[in-house]
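K.L.:
requesting a structural model of the entry that follows:
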Amino acid sequence: MISNSSTHWGSISRGLHWLTLILILGLATVGLLMTELPNSPFKIQVYALHKSFGLTVLALTLLRLLWRWLAGSPEAISGTRLEQWTAKAVHVLLYILLITLPLSGWLYNSASGFPLKWFNLISLPRLLGGYNPQVKQLAHEWHENGFYMLAVLLSLHAGAALYHHYVKKDDTLKRMTGKMP
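P.N.:
A predicted model of the protein is given here:
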């Protein structure tokens, strides 16, 4: 089923979810390693790809939110009030980070005075006039700290899905993998 239903996520939502996860895992791995590369044309290419894939995550996140608004979402699986509140809070924070992390990277790039091209195809405007060391430092700190917050939230999110699957034995994880009866 393409669209979401009251009991499970449709194939579009699932596809966007898992594609975003794959991109984030790749971005995290490259982001942690790329700063150690020696200055070279290869390093410049790695940074450019990191930026392009980060912007892709931003676009996919906005598309996910639009699709969720249009297609709705399954009803919450029963749980305690604390579980319901925590699930909503983690999802909201994940979406905030999936938007603000790419934006902080874009701002960092802009404040560094570098041009930004998405996969060397589309030039993107600077988010501010040009080189600005104060904004550059702030954007870098947000990008780095935001990444660690995202890692913690993704761990909580995955842990909760596994908890629901193996301990509570409900359909939470099955709804996102498409393994519904």
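K.L.:
quick check: residue 174 touching residue 165?
P.N.:
Yes. Residue 174 lies in contact with residue 165 (Cβ atoms under 8 Å); the separation is 7.4 Å. C-beta: built from backbone N, CA, C; applies to glycine.
K.L.:
show me what the helix or strand of the chain with the lowest mean pLDDT is packed up against.
P.N.:
Every helix and strand of the chain was ranked by mean pLDDT, DSSP states H and E. The lowest is helix 172-177, at a mean of 87. Secondary-structure packing of helix 172-177 (3 or more Cβ pairs under 8 Å, 6 or more residues apart in numbering; DSSP states H and E): helix 11-34, helix 133-163.
K.L.:
how does it look with 6 Å?
P.N.:
Helices and strands touching helix 172-177, as assessed by 3 or more Cβ pairs under 6 Å, 6 or more residues apart in numbering; DSSP states H and E, are absent.
K.L.:
off-centre distance for it?
P.N.:
Averaged C-alpha coordinates place helix 172-177 at 19 Å from its chain's average position (Cα atoms, centre = their mean, to the nearest Å).
K.L.:
run through the residues that contact the residue nearest the centre of the chain.
P.N.:
Nearest residue to the geometric centre of the chain (Cα atoms, centre = their mean): residue 98, 3.6 Å. Taking Cβ atoms under 6 Å, 6 or more residues apart in numbering, we find residue 98 in contact with residue 61.
K.L.:
a helix runs through it, doesn't it?
P.N.:
Yes. Per DSSP: H, G, I helix; E, B strand; the rest coil, residue 98 lies within a helix segment.
K.L.:
that one and residue 140: what is the separation?
P.N.:
For residue 98, the distance to residue 140 equals 19 Å [Cβ to Cβ, to the nearest Å].
K.L.:
ok, residue 85 next?
P.N.:
33 Å.
K.L.:
swap in residue 25?
P.N.:
22 Å.
K.L.:
more crowded one of the two?
P.N.:
residue 140 (16 against 11; other Cβ atoms under 10 Å).
K.L.:
OK, contacts around the more buried one?
P.N.:
Residue 140 neighbours (Cβ under 6 Å, 6+ apart): residue 108.
K.L.:
where are the low-confidence patches of the protein?
P.N.:
For the chain, applying pLDDT under 70 flags the ranges 180-181.
K.L.:
how about 90 then?
P.N.:
Within the chain, the segments meeting pLDDT under 90 span 1-8, 74-80, 83, 128-130, 170-181.
K.L.:
how about residue 9, phi and psi?
P.N.:
The phi and psi values for residue 9, taken as degrees, to the nearest 10, are phi -80, psi 140.
K.L.:
hang on, residue 1 packs against residue 10?
P.N.:
Yes. If you go by Cβ atoms under 6 Å, residue 1 and residue 10 touch, sitting 5.1 Å apart.
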